[in-house]
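In: here you go, sequence then predicted model.
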Amino acid sequence: MKGLFKNKPRTPTDIVRQTRDILIYADRTSSSDPRDAKREEKMAELSKNIRDLKSILYGNSESEPIAEACAQLTQEFFRENNLRLLIICLPKLNLETRKDATQVVANLQRQQVQSRLIASEYLEKNTDLLDILIGGYENSDMALHYGAMLRECIRHQSVARYVLESENMKKFFDYIQLPNFDIAADAAATFKELLTRHKSTVAEFLSKNYEWFFAEYNSKLLESVNYITRRQAIKLLGDILLDRSNSVVMTRYVSSRDNLRILMNLLRESSKSIQTEAFHVFKLFVANQNKPPDIITILVANRSKLLRLFADFKTDKEDEQFEADKAQVVKEIAALEPRDRT
Amino acid sequence: MAQEHDQEPKKLKFPLDSSSYKILDEIGVGVSAIVYKAICTPMNSTVVAIKSIDLDQSRADFDNVRWEIKTMSLLSHPNILKAHCSFTVGRRLWVVMPFMSAGSLQSIISSSFPDGLSEPCIAVVLKATLNALSYLHNQGHLHRDIKAGNILIDSNGHVKLADFGVSASIYESNTGRGWASSSCSSRLMLTDVAGTPYWMAPEVIHSHTGYSFKADIWSFGITALELAHGRPPLSHLPLSKSLIMKITKRFRFSDYEKHKKDHGKKFSKAFKDMVASCLDQDPSKRPSAEKLLKHPFFKNCRGLDFLVKNVLHGLPSVEERFKESKVLHGISTGSDNGEEEEGTEGKTGSEIVKIRRISGWNFNEEGFELDPVFPTESKDDSIVKQVRFGGETIIRDRKIELGESGDSVESSGRSSPGLIAEETKVNAHGENEKEDKGIDKETMVGGLMVLKKSLDEQRQNVANLIGMLGGEVSGEEQLVQVIERLRMELESEKQKNFDLEMELEFNKHLISGAYNGCDTE
């Protein structure tokens, strides 16, 4: 008899609603008593619901996802504040359900309903959720889940802009140096995504925030005592400055003697990978056709040292572009004349 | 399954500084990694294994390292090797793991059971492996490198699956490994070639058609044979030949029996049936991990103590085995001075080292019989070229995708870490190919690359068409239909192309094989 009533298939809307009900319950109660059987049962049901949501969105080994079902699910999900509930309740879920929930949230960011990205619209109105996700880096149990959700959310340009311009941006300089390698690496991946994904937004952000951003970048990252921080930072700096959309920022960066000093120190590192990445930034200082006098002075003063350094400077792999760049840099440096000898 | 873990007491937090650990012994070594046996002093001197990876030497695949660390932190199953924690110590990354005192099954076999294990022992090992696989698959993860070398045992007989260096998730795209990176017809399929050739499923080798969890089941079947015979089937053949035989479906279970001079070994019907079901050419006909667990072969499976008594008893320790191998094969631990080119994996032809994997311990990888070695002159050169060849091609076609993706959320959102991950996998693949004869391999890879390029062009054309249509057709359904039709066309073109190419390659191979044969005699 029971089967007769239970077998009616649930629609995506039903599943979202049931998930919501249990999330509200989970949010209000706490698991002070681990032998709370009723709660246990509800949480198991929640796990199952979240898994069901996942298989609607991703399909499974037997069937592909159905566009209509996905749209229905997405619409219902964002009609109310389910994303908020899910994010807040995530620490109360077990590991497997956390992973499922993360994948559900990730997928929802890409779902379109009537060619609108309603996830983006929702997040624009609920930016505090991004603050919660970023704060996750301070909690080692949640960091990888919140971090993965965050990276999916900043696929939306408006969301990335919010994060870039928020106070939280400053925290990344510490997060990427956390002792836990997996968490630090996740934060570094998010940081990189923020600074490379949406070109126009990044260019605007860097122009507006040039002073503090590069002051922090230089002192905390490029001059960090931590090898891996320096290595990732110099690589990312190269990616940022060499991007055409950031040419204004690049010109400004390569006109500063402080920056040149830092880069020259990195060129002297014993680590081959740091050296190589540093070269890709250093060459911009040299290639700059309007070098300020103090830059020229430094380059001239260190000319023989630099030329000696480049003489046995090789990459591990054969790299024609690198060799060509190096030859150009050597030529430029050799031809430099101290202009301001008055 | 998940439930029992949630009730475990809160995970102990291992300290994140090197001073809390005391190194006891070296138990494995690679080009840029060393595995130590150590104790964690503040944690009651718990014995741990620490893999210390020189990050400066593995520069290109930093993202791969990150992927594996993350995967290891997020998986939780008694039959899966987990990392306690990881942190950097200067230029090295320390990954702290449980100490699996008996090492890998491959190492055990090559040191003490050259003709393989008995069936009851195999059953215990495989059952644990299946539990791990079933968990992984349920999570949307493919291991992609199932083999005895990646199955570890501790002193109590606990079996754990290790090495997630080439694993992939069908759900995650941002690493460049998941479905989003493929333009395959089905979303939950993978298309990149990864794994170790002798264990690789046929559909992984011609991977453009896509493959999924059942590829692990094939490798599992090969692993069963490896445990039974001491080595995987076709391993007496050079690699390209074994690959081609698999592709052209000439490989049968019975062929293997013929080739192998068995020491009168007889296997039960249940075992043969179980292995045969895993090695079905048609992936859809292979059973799932969950279903395999119910196979009669695993009925009345013995407990861990049986394994302890029959396999581990009297076995030299991993430390001893490592020292012995050092003496025997002259592995010089101190010579990690970076003389190798990036991308080259081994130091000597026989010592294959997987710097790219974190949870793999590199024990006793000298199993000669297992990976036949052929002397190659100018070994390093050819390998490096080979590896790059593959790598570059992949980068080329990724660039196309990159070009298309702008700021939009809808773009497949690939970033350079993805490229690197892809390239690394090719390297990992290349590492195993190197024992092969240079000439055959180059012809074959060359031909395949040309093929791949033409396929990429076709793919690109279709993508352009889709793009054009996307601008004009508003009805989404109409668009989907058009895409579907184009996809079908492309698939059939690909198939034709591939069939022809394979035929050609096979012929070429026969010819060049014959030629080489004459040459050496």
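Out: Here it is on my side, so go on.

In: next, the contact list for residue A:87, please.
Out: A:105, A:129, A:132, A:133, A:146, A:149 (CB atoms under 8 Å, 6 or more residues apart in numbering or on different chains). Any C-beta I mention is one placed from the backbone N, CA and C, and that applies to glycine too.

In: look at the fourth one and give its secondary structure.
Out: What that stands for is residue A:133. helix (DSSP: H, G, I helix; E, B strand; the rest coil).

In: from residue A:102, how far out is it?
Out: Separation of residue A:133 from residue A:102 (CB to CB, to the nearest Å): 11 Å.

In: which neighbours do these two share?
Out: residue A:149.

In: what's the burial count for residue B:67?
Out: Residue B:67 has 26 neighbours, counted by other CB atoms under 10 Å in any protein chain shown.

In: three-state assignment of residue B:47?
Out: Here residue B:47 is strand, with the state taken from three-state DSSP.

In: how about it, nearest residue that isn't a chain neighbour?
Out: Nearest-residue entry for residue B:47: residue B:99, 4.4 Å, with adjacent residues in sequence omitted and distances by CB to CB, 6 or more residues apart in numbering or on different chains.

In: what score does the one you found have for pLDDT?
Out: Note on residue B:99: pLDDT of 94.

In: do I have it right that it meets residue B:49?
Out: Yes. When contacts are counted by CB atoms under 8 Å, residue B:99 is listed as touching residue B:49 (4.6 Å).

In: overlap in contacts of the two?
Out: Residues touching both residue B:99 and residue B:49 (CB under 8 Å, 6+ apart): residue B:37.

In: okay, the two: which has more neighbours?
Out: Between residue B:99 and residue B:49, residue B:49 has the larger neighbour count (other CB under 10 Å), namely 25 against 22.

In: in what helix or strand does the most centrally placed residue in chain A lie?
Out: The residue lying closest to the centre of chain A (CA atoms, centre = their mean) is residue A:190, at 1.4 Å. Using DSSP states H and E, residue A:190 sits within helix A:181-196.

In: elements contacting that helix?
Out: For helix A:181-196, the elements it packs on are helix A:143-153, helix A:157-165, helix A:172-175, helix A:199-208, helix A:227-241, helix B:62-74, strand B:85-89, judged by 3 or more CB pairs under 8 Å, 6 or more residues apart in numbering or on different chains; DSSP states H and E.

In: from the chain's centre, how far out does stretch A:302-317 sit?
Out: Mean-position distance between stretch A:302-317 and its chain equals 34 Å (CA atoms, centre = their mean, to the nearest Å).

In: which parts of stretch A:280-288 are buried?
Out: A:280, A:281, A:282, A:283, A:284, A:285, A:286, A:288 (16 or more other CB atoms under 10 Å in any protein chain shown).

In: ok, now stretch B:97-112?
Out: Buried positions in stretch B:97-112, judged by neighbour count with 16+ other CB under 10 Å: B:97-111.

In: in strands only, show me those residues.
Out: B:97, B:98, B:103, B:104 (DSSP state E).

In: give the contact list for residue A:97.
Out: Here residue A:97 is in contact with A:46, A:47, A:50, A:51 (criterion: CB under 8 Å, 6+ apart).

In: how about the first one: what's its closest non-neighbour residue?
Out: Just to be clear, that refers to residue A:46. Leaving out its chain neighbours, the residue that sits closest to residue A:46 by CB to CB, 6+ apart is residue A:22, at 4.4 Å.

In: again, but for the second one
Out: When the adjacent residues along the chain are set aside, residue A:47 lies closest to residue A:97, with 4.3 Å between them (CB to CB, 6+ apart).

In: figure out how far the host helix or strand of the one you found is from the centre of its chain.
Out: Using DSSP H and E, residue A:97 sits within helix A:95-108. How far helix A:95-108 lies from its chain's middle: 18 Å, per CA atoms, centre = their mean.

In: any idea which helix or strand comes after it?
Out: Downstream of helix A:95-108, the first helix or strand assigned by DSSP H and E is helix A:118-125.
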